[in-house]
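> pasting the sequence and the predicted model now:
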Amino acid sequence: MSTELGIDGDTLRSVVGRFATGVTAVCARVDGRPVGMAVNSFTSVSLEPPLVVFCAAKTSATWTEMEASGRFAVSILAAGQGDLCRQLSRKGVDRFEGVALESAPSGSPLIAGCLAWLDCRTVTCHDAGDHILVIGHVDGVGVSEAVDPLVFYASQFVGLAP
Ligand SMILES: Cc1cc2nc3c(=O)[nH]c(=O)nc-3n(C[C@H](O)[C@H](O)[C@H](O)COP(=O)(O)O)c2cc1C
């Protein structure tokens, strides 16, 4: 029998952390340089028109910087890109040091070797508690030859069961 728990921040984080997700890198080009972060709140919203969403923490300096560009590219990370994902979440470092990048058609940065990518233009931002829901219109997509996803579960990267 499951146990009902109180809803404090740590408990909620550990409960929603039991929802396994993929992981993406959401990146923009700001004044010619790449800016971005690891994001697992990404999901698809609508096929017609093609819309996607991710949640950016209101405290995120990275999102504040990216927002002005009005565009972002989502790189869906592949198995084996866990260290890169951690690097893209660190503060006070050059997140792109040693990271091979490619360009989406719009010029937004893509992570080389990612599973698939979506080139997006920001259409709406909704206030949602301590996060902002960022909705993007998908202007372009692509896939690579990599097939295995990076999976995030209970604060760790895990493999898919065969
Ligand atoms: C696996 C993983 C998933 C993450 N998902 C999100 C997310 O969905 N939204 C978010 O705002 N930050 C997310 N983060 C945190 C950001 O990558 C990063 O730590 C944050 O942008 C750092 O704060 P800054 O933007 O002020 O530098 C995630 C980090 C990791 C490792």
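On my side now, so go ahead.

> partner residues bridging the residue nearest the centre of the chain?
In the chain, the centroid-proximal residue (C-alpha atoms, centre = their mean) is Val39; its distance is 2.8 Å. Following DSSP bridges, Val39 is listed with bridge partners Thr24.

> before we move on, what about Arg121?
Beta-bridge partners of Arg121, as defined by DSSP bridges: Arg71, His137.

> offset the numbering so it begins at 38, please.
Sure thing, new numbering starts at 38, so read that last one as Arg158.

> what distance do you get for Leu138 to Leu88?
Noted for Leu138: a distance of 25 Å to Leu88, by C-beta to C-beta, to the nearest Å. The way it works is simple: take the backbone N, C-alpha and C, and place the C-beta from them, glycine included.

> hey, which helix or strand in the chain has the poorest pLDDT?
For the chain, scoring each helix and strand by mean pLDDT, DSSP states H and E identifies helix 46-53 as the least confident one, at a mean of 91.

> those residues of this protein touching the ligand, which are they?
Applying C-beta under 6 Å from any ligand atom, we find that the chain lies next to the ligand at 60, 74-78, 91-94, 97-99, 122-123, 126, 128, 189.

> show the buried residues in those.
Among these, those buried by neighbour count (16 or more other C-beta atoms under 10 Å) are 60, 74-78, 91-93, 97, 99, 122, 189.

> okay then, goodbye and thanks.
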